[in-house]
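Participant: Got a predicted structure plus its sequence, pasted below:
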Amino acid sequence: MNDIIFNDLVESLKEVEEHVAGKKKLKTTTVTVADLPTYTKNEIRLIREKMRLTQQSFADVIGVSLRTIESWEGGFTSPNGSSRRLLSLLEEDTIANELSSRLIKVG
């Protein structure tokens, strides 16, 4: 372990000791994560169409199979947690446009 990291750890432990003894108040940060939205088959299709993607291209962008997209849009299954989070990001035009321009090669 290099000296800088060691010294930072020692300093951190001293701060913890001071906090436990009531001599120092430590800074805390509270983070709230938005609930995962749920999506209907029509909402998923609309997100894909807004991006002007085929089902196969949309599957490639999200990282799932074509069969998964077909199943979502057919209403047979629903996206899982990570896919729902990604769909919520894709609903935002700026992110959808950025992803389209970076991930989709024309020609």
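Facilitator: Here it is on my side, so go on.

Participant: OK, contacts around residue 81?
Facilitator: residue 36 (CB atoms under 8 Å, 6 or more residues apart in numbering). C-beta here means a position set from N, CA and C on the backbone, and glycine is covered the same way.

Participant: Okay, it and residue 26: tell me how far apart.
Facilitator: Residue 81 sits 32 Å away from residue 26, going by CB to CB, to the nearest Å.

Participant: In contact with residue 59, which residues are there?
Facilitator: 65-66, 68-69.

Participant: As a markdown table, these with pLDDT and secondary structure would be great.
Facilitator: Converted to a markdown table, the contacts of residue 59 look like this (pLDDT from 0 to 100; DSSP: H, G, I helix; E, B strand; the rest coil):
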| residue | pLDDT | secondary structure |
| --- | --- | --- |
| 65 | 97 | coil |
| 66 | 98 | helix |
| 68 | 98 | helix |
| 69 | 98 | helix |
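
Participant: Quick one: which of those is the most crowded by neighbours?
Facilitator: Highest neighbour count within these, by other CB atoms under 10 Å: residue 69, with 23 neighbours.
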